[in-house]
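Novice: predicted coordinates and the sequence they were generated for:
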Amino acid sequence: MSTTYYAAAIIGCRIERSKLFCTEQKRGCGHDLPQPWATSEAKFCDQCGNQLWIGLQTAIPEYDQGKGTVCGFRLIDNHWDDYVYVVGEISTTNTDGALTTKLTPDLIHIQDCFELELSGTDLWDEDEFGIWPFLWYS
Ligand SMILES: [Zn+2]
């Protein structure tokens, strides 16, 4: 079994992975909260011992984990750094030097598309749009 390394150039937007998720606080059991709740520092239910609140991490609505897309754009994630990349165009090569696609950069058009789709979210940051190097292996 061998490892194949890839390199890519991505025209797109770099986003902190943490922005793809939000934490929702849900009750840890069905018992009533200790009263008065506002001044209580209790973290566990005095009746069953479960945590009173559990933080559940869920994907933001713009992120489709099943399809691997954000606002319909392909998402690339190497899972070892803090960023993911929303792809407008990508050109990749492996250790054999085989180039899968050539970039036909029309940065203004791609940026306009990204801004149109992402600007209503917390994901758009003009300073994070550009050409990004990306490495991964399989
Ligand atoms: Zn309880």
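Specialist: Received, thanks.

Novice: the strands in the chain, which residues?
Specialist: Here the chain has its strands, by DSSP state E, at 5-16, 21-27, 53-59, 63-64, 69-70, 73-76, 83-94, 129-137.

Novice: name the helices or strands packed onto the last one?
Specialist: Here strand 129-137 touches strand 5-16, strand 83-94, going by 3 or more C-beta pairs under 8 Å, 6 or more residues apart in numbering; DSSP states H and E. Every residue, glycine included, has its C-beta placed from N, CA and C.

Novice: for the last one, packing partners?
Specialist: Translated: strand 83-94. Counting contacts by 3+ C-beta pairs under 8 Å, 6+ apart, strand 83-94 packs against strand 5-16, strand 73-76, helix 107-118, strand 129-137.

Novice: same check on the first one?
Specialist: On a contact count with 3+ C-beta pairs under 8 Å, 6+ apart, strand 5-16 meets strand 73-76, strand 83-94, helix 107-118, strand 129-137.
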